[in-house]
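**Q** Please find the sequence and the predicted model below.
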Amino acid sequence: MDSPDSIFEIYIRYYDIRSLKSCQSDGHDEHEGKSSRDALAQLLKIVNLKFHSRTSIFDELLKLMSELQLMADFSEFSRFYDFVFFMCRENGQKNITVNKAVSAWKLVLAGRFRLLNQWCDFVQENQRHNISEDTWQQVLAFSRCVHENLEGYDPEGTIS
């Protein structure tokens, strides 16, 4: 299989990658989980070969954002958001670093999450561990459901 040349080609080939965990939890079979794991390993290899620095990854993601219709289609944005998490993972890691997560959130959630700056400041000051895929997904849900005045926020942990 040829290696994709552009970030857009990489996205088209790999945007539907799902973590093994999500495949198992929503009833997909073991074969799909294995193919997702293989696709993820291939994506990580391509990312490591093509994008040597964090800056180049984010420059490429910015280019990709300009080519996609993310503002009009939330399902496309969700796929893109998932793809960004996988692009930011370092080889062999399940999570992404706090610095990489904050940089990615600032890039992809700008204009979509009114509390973005406060959230990123909070994470940088208080988060001691890398960001998991679950946390990554929860931030997207939080950004969609909670207003600037925190209407929609439930301190008991559920988003209304």
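**A** Yep, that arrived.

**Q** so where's this protein shaky on pLDDT?
**A** 1-5, 18-36, 52-55, 146-160 (pLDDT under 70).

**Q** Tell me which residue is most central in it.
**A** Centroid-nearest residue in the chain, with CA atoms, centre = their mean: Phe85, separated by 2.7 Å.

**Q** what sits up against the helix or strand where that one lies?
**A** Element membership for Phe85, per DSSP states H and E: helix 74-88. Residues from elsewhere that reach helix 74-88, judged by CB atoms under 8 Å, 6 or more residues apart in numbering: 11, 14-18, 40, 43-44, 47, 57, 61, 64-65, 68-71, 96, 100-101, 104, 107-108, 112, 133, 136, 140. Any C-beta I mention is one placed from the backbone N, CA and C, and that applies to glycine too.

**Q** just the buried members of these?
**A** 11, 14-15, 17-18, 40, 43-44, 47, 57, 61, 64-65, 68, 70, 96, 100-101, 104, 108, 112, 133, 136, 140 (16 or more other CB atoms under 10 Å).

**Q** among those residues, which are in helices?
**A** Cross-referencing the buried ones among the contacts of helix 74-88 against helices under DSSP state H gives 11, 14, 40, 43-44, 47, 57, 61, 64-65, 100-101, 104, 108, 133, 136, 140.

**Q** on that earlier part again, any idea how far the residue nearest to the centre of the chain lies from Ser132?
**A** Per CB to CB, to the nearest Å, Phe85 is found 10 Å from Ser132.

**Q** try Asp82
**A** Asp82 sits 13 Å away from Ser132, taking CB to CB as the criterion.

**Q** Show me which of the two is the more surrounded one.
**A** Just comparing Asp82 and Ser132: by other CB atoms under 10 Å the higher neighbour count belongs to Asp82, 20 against 15.

**Q** Other residues contacting stretch 91-102?
**A** Contacts to stretch 91-102, defined as CB under 8 Å, 6+ apart, come from residues 44-45, 48, 54, 85, 88-90, 104, 120, 123-124, 127, 129-133, 136.

**Q** Now with 6 Å, please.
**A** Applying CB atoms under 6 Å, 6 or more residues apart in numbering, the external contacts of stretch 91-102 come out as 44, 48, 88-89, 120, 123-124, 127, 130-132.
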